[in-house]
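Novice: A structural model of the following input is requested.
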Amino acid sequence: MTAEGLATFIETYYQDPRPGEAVERLVALDVSAFVEAERESAETQGMAILTTFFAHVLHERPELVEPLAARLVAGGRYANALVGGLAIATSAAPTSDAGLQAIEASGLLAPDALAAVRNAVPYPFPNLRATSHFDIDLLWVSFFATGDEGYITEVAESLTYWEDNPELRLPREFPALTLESQQRALIEVTMAVIAHETLTSNARRHPAVFSALVRLSQTRSDKVGTIAGSIVALIQAGG
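Specialist: The predicted structure is shown next:
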């Protein structure tokens with residue numbers, strides 16, 4: 001199971017949900033290849049993306065939790081068991097505890113990993129708000145897993161921080177700001193850029209995303225609606 005194959009599967013999942021195949025893909029996945037383990041930040045974000053996607057799948061199909069746990073235990077791979085355990089815990093399925101008990105009893109996970117699994121926040125995704133560009137990735141994964149347009153709207157909220165003049169995106173242009181304010185400004189700038197780039201690229205590939213932007217442009221009179229409209233116009237012009 002290749003990382004590229006799973007990425008494609010995740011991005012198109014909402015169009016043709018196949019939860020049984022999703023479980024098989026997690027069992028067979030080379031987790032290290034998917035999460036780019038040579039960089040710590042990429043590994044952390046890759047793990048979060050996997051956890052979020054499979055949590056959505058299991059939340060909708062709780063009967064798959066225990067079979068997945070059994071397959072992960074039989075496979076004996078630490079990274080797969082960790083992703084699966086986090087997804088099971090986060091899914092808040094009625095079968096989650098039984099699945100976690102099976103993984104815990106297997107001895108695959110070290111005590112610190114078990115603690116992380118047990119402390120995972122159950123299914124926070126419908127209430128997720130972007131506070132950094134990392135959250136934007138999780139919002140997109142949540143949309144791809146569910147087809148819920150609300151996640152696209154949450155991505156678009158970061159356009160509030162967008163500036164058409166690139167020079168205004170740089171916090172160093174505002175020397176009067178405190179260090180904390182500069183750091184927050186940089187985070188917001190990054191969020192706006194990532195939101196703009198991902199909304200544009202995904203709207204080109206996904207009619208559902210394009211339609212969501214059209215609706216935002218028609219129903220919002222603020223900066224979010226205005227920029228959504230500019231993205232729509234760009235795509236319609238072939239840009």
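Novice: Can you read off the pLDDT for the residue most central in space within the chain?
Specialist: Most central in the chain under C-alpha atoms, centre = their mean is residue 138, positioned 1.8 Å from the mean C-alpha point. Looking at residue 138, its pLDDT stands at 95.
Novice: Give the other helices and strands that the longest helix anywhere in the chain contacts.
Specialist: In terms of residue count, the longest helix belonging to the chain (DSSP state H) is helix 179-205. Judged by 3 or more C-beta pairs under 8 Å, 6 or more residues apart in numbering; DSSP states H and E, the packing partners of helix 179-205 are helix 133-146, helix 149-157, helix 207-219, helix 223-236. All C-beta atoms are positioned from the backbone trio N, CA, C, and that covers glycine.
Novice: Of all those helices, which one is nearest residue 69?
Specialist: Shortest distance between residue 69 and the helices and strands packed on helix 179-205, using C-beta to C-beta, is found for helix 133-146: 19.6 Å.
Novice: Please find the angle between the direction vectors of that closest one and helix 207-219.
Specialist: Inter-element angle recorded for helix 133-146 and helix 207-219: 110 degrees (by axes from the mean of the first three to the mean of the last three C-alpha atoms, to 10 degrees).
Novice: in helix 133-146, what's buried?
Specialist: Going by neighbour count (16 or more other C-beta atoms under 10 Å), the buried part of helix 133-146 is 133-146.
Novice: Determine the number of other residues adjacent to residue 23.
Specialist: When neighbours are defined as other C-beta atoms under 10 Å, residue 23 has 21 of them.
Novice: State the distance spanning the first to the last residue of stretch 145-154.
Specialist: End-to-end distance for stretch 145-154: 15 Å, by C-alpha to C-alpha, to the nearest Å.
Novice: Can you tell me what sits against it?
Specialist: The contact list for stretch 145-154 (C-beta atoms under 8 Å, 6 or more residues apart in numbering) reads 10, 13-15, 52-53, 56-57, 60, 126, 128-130, 139-140, 142-143, 199, 208-209, 212-213, 215-216.
Novice: Kindly supply the PyMOL command isolating those of the residues you listed that are buried.
Specialist: Buried subset of these, written as a PyMOL selection, criterion 16+ other C-beta under 10 Å:
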select buried, resi 10+13+14+52+53+56+57+130+139+140+142+143+199+209+212+213+215+216
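Novice: Report the two of the buried residues of helix 133-146 separated the most.
Specialist: 133 and 146 (21.0 Å).
Novice: Which helix or which strand is home to the nearest residue to residue 106 once chain neighbours are set aside?
Specialist: In this structure, residue 106 finds its nearest non-sequential neighbour in residue 73, 4.3 Å apart by C-beta to C-beta, 6 or more residues apart in numbering. Element membership for residue 73 (DSSP states H and E) is helix 65-75.
Novice: mind showing which ranges of this structure have poor pLDDT?
Specialist: 1-2, 36-42, 165-179 (pLDDT under 70).
Novice: redo that, cut-off 80
Specialist: 1-4, 32-33, 36-43, 124, 163-185, 239 (pLDDT under 80).
Novice: picking up where we left off before, now do the helix holding residue 73: distance to the chain's middle.
Specialist: 23 Å (C-alpha atoms, centre = their mean, to the nearest Å).
Novice: elements contacting it?
Specialist: helix 19-28, helix 78-91, helix 96-106.
Novice: Thank you kindly, that will do.
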